[in-house]
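[1] predicted structure and sequence below. I'll ask about it afterward.
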Amino acid sequence: MLAGSTMAAIVKRGRLIAGVDQNSYLFGYRDPLTGRLDGLEIELLRRISTALFGSPDRIQFKTISSNARLTVLNPRKPSVDIVIDSMTINCDRWKKVAFSTDYMDAGQRVLVPRSSPAKSIDDLGGKRVCAASGTTSIDTLRSLRRHPVVPVAVKDWTDCLMLMQLGRVDAVSTDDTILIGLAAQDPNTHLVGPRFTREPHGIAMRKDQTDFVRFVNGVLEQMRQDGSLTRLAQHWLGADSASFVPPPSPSYKPE
């Protein structure tokens with residue numbers, strides 16, 4: 001690694017410190033059989049670790065909530081080097097962190113019990129719809145005008161699923177990537193309706209560490225070229241991977 005670079009400092013420390021979710025099944029979750037974190041986004045981190053250290057296992061994971069994804073990268077007191085947690089790239093977040101290129105396009109949809117008559121978000125006007133706090137999903141629910149819903153904010157996505165199982169909310173709405181994982185955990189639920197937002201997913205880093213952003217972008221581009229980014233989606237999402245592959249073409253922020 002180039003002397004004086006962010007990457008050289010990480011290698012000298014001996015580990016990459018990463019902020020991740022442990023409650024998003026298929027993307028970032030704790031396997032109950034092994035106790036290890038696993039999922040598509042965890043595998044992406046292992047590829048970055050391999051590029052840094054020649055080993056996929058030089059990662060110190062810090063599990064965080066959706067609300068903490070930006071604060072852990074505060075340049076005055078950062079607690080991680082990188083965050084990968086189903087985070088939408090948008091202009092407001094660009095003011096606080098730097099993003100990699102888009103590694104997966106998602107879109108907000110709705111998860112409901114199979115007994116629900118709802119066929120889309122338009123059928124949920126006046127109903128209680130759950131999303132995690134600190135996400136673009138809860139902001140979108142609050143901004144609905146044609147068929148306004150009653151937004152219910154919780155800490156983690158699994159809390160939304162539990163509330164719906166208890167009958168305390170009528171639906172869960174967020175990126176379809178997350179909803180696929182929730183539906184896999186409860187076969188009595190299913191996704192309905194089309195996407196009603198576009199949610200490009202990026203890996204977040206500190207704004208002042210643009211060299212690290214370029215490094216991570218290089219890893220993602222290698223994965224696009226060698227097909228491993230597509231294979232990751234196919235492995236973790238199975239039949240649902242058709243909605244997310246091929247991976248989106250990169251769009252780079254000008255220097």
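    Cool, got the structure. Numbering: from 1, shown residues only.

[2] CA atoms for contacts and neighbours, from now on please.
    Noted.

[3] and Q234, helix, strand or coil?
    Put simply, Q234 is helix when judged by DSSP: H, G, I helix; E, B strand; the rest coil.

[4] relative to W94, how far out is it?
    Distance of Q234 to W94, given as Cα to Cα, to the nearest Å: 29 Å.

[5] and if you look at T189?
    As judged by Cα to Cα, T189 and W94 stand 34 Å apart.

[6] ok, those two, which is more surrounded?
    Neighbour comparison, T189 and W94: the larger count goes to T189, with 22 against 12 (by other Cα atoms under 10 Å).

[7] who does that one form a beta bridge with?
    For T189, the beta-bridge partners are P113 (DSSP bridges).

[8] my guess is it meets V112, correct?
    Yes: here T189 lies in contact with V112, judged by Cα atoms under 8 Å, at a distance of 5.5 Å.

[9] which residues of this structure score low on pLDDT?
    255 (pLDDT under 70).

[10] kindly recompute the last result at 90.
    For the chain, the stretches with pLDDT under 90 are 1, 23, 32-33, 65-67, 75-77, 134, 156, 237-255.

[11] give the contact list for the spatially most central residue of it.
    For the chain, S86 is the residue whose C-alpha lies nearest the centre (Cα atoms, centre = their mean; 0.7 Å). S86 makes contacts with F27, I178, H201, G202, as judged by Cα atoms under 8 Å, 6 or more residues apart in numbering.

[12] now the helices for the stretch 101-250 of the chain?
    Listed in chain order, the helices of the stretch 101-250 of the chain (DSSP state H, counting those that start in this stretch) span 136-143, 157-165, 176-185, 210-226, 228-237.

[13] hey, what's the angle from the second one to helix 176-185? Just curious.
    Relative orientation of helix 157-165 with respect to helix 176-185: 60 degrees, computed using axes from the mean of the first three to the mean of the last three Cα atoms, to 10 degrees.

[14] cool, and the last one?
    Direction vectors for helix 228-237 and helix 176-185, defined by the same axes, to 10 degrees, enclose an angle of 30 degrees.

[15] so what does helix 228-237 touch, helix or strand wise?
    On a contact count with 3 or more Cα pairs under 8 Å, 6 or more residues apart in numbering; DSSP states H and E, helix 228-237 meets helix 40-53, helix 210-226.

[16] cool, the shortest one as well?
    Counting contacts by 3+ Cα pairs under 8 Å, 6+ apart, helix 136-143 packs against strand 128-132, strand 150-154, strand 171-175.

[17] list the strands paired with the last one, with their directions.
    Put plainly, it is strand 171-175. With DSSP bridges as the test, strand 171-175 pairs up with strand 108-113 (antiparallel), strand 128-132 (parallel).

[18] could you redo these as JSON lines and give each row distance to S66 and mean neighbour count?
    Listed next are the strands paired with strand 171-175 as JSON lines, based on distance: least, Cα to Cα, whole Å; neighbours: other Cα atoms under 10 Å:
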{"stretch": "strand 108-113", "distance to S66": "16", "mean neighbour count": "25"}
{"stretch": "strand 128-132", "distance to S66": "7", "mean neighbour count": "25"}
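
[19] let me have the ones you listed in CSV, adding distance to V213 as columns.
    Compiled in CSV, those are given as follows (distance: least, Cα to Cα, whole Å):
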stretch, distance to V213
strand 108-113, 26
strand 128-132, 27
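
[20] G218 is nearest to which of those strands?
    Closest to G218 of those, according to Cα to Cα: strand 108-113, at 28.2 Å.

[21] so how far is that closest one from its chain's centroid?
    17 Å (Cα atoms, centre = their mean, to the nearest Å).

[22] other residues contacting that strand?
    Under Cα under 8 Å, 6+ apart, the answer for strand 108-113 is 118, 120-121, 137, 164, 170-176, 179, 183, 188-199.

[23] same deal with stretch 158-167?
    Residues from elsewhere that reach stretch 158-167 (Cα under 8 Å, 6+ apart): 23-24, 112-113, 130-132, 154, 169-172, 182.

[24] what about that stretch, distance to the chain center?
    Taking mean C-alpha positions (Cα atoms, centre = their mean), stretch 158-167 and its chain are 20 Å apart.
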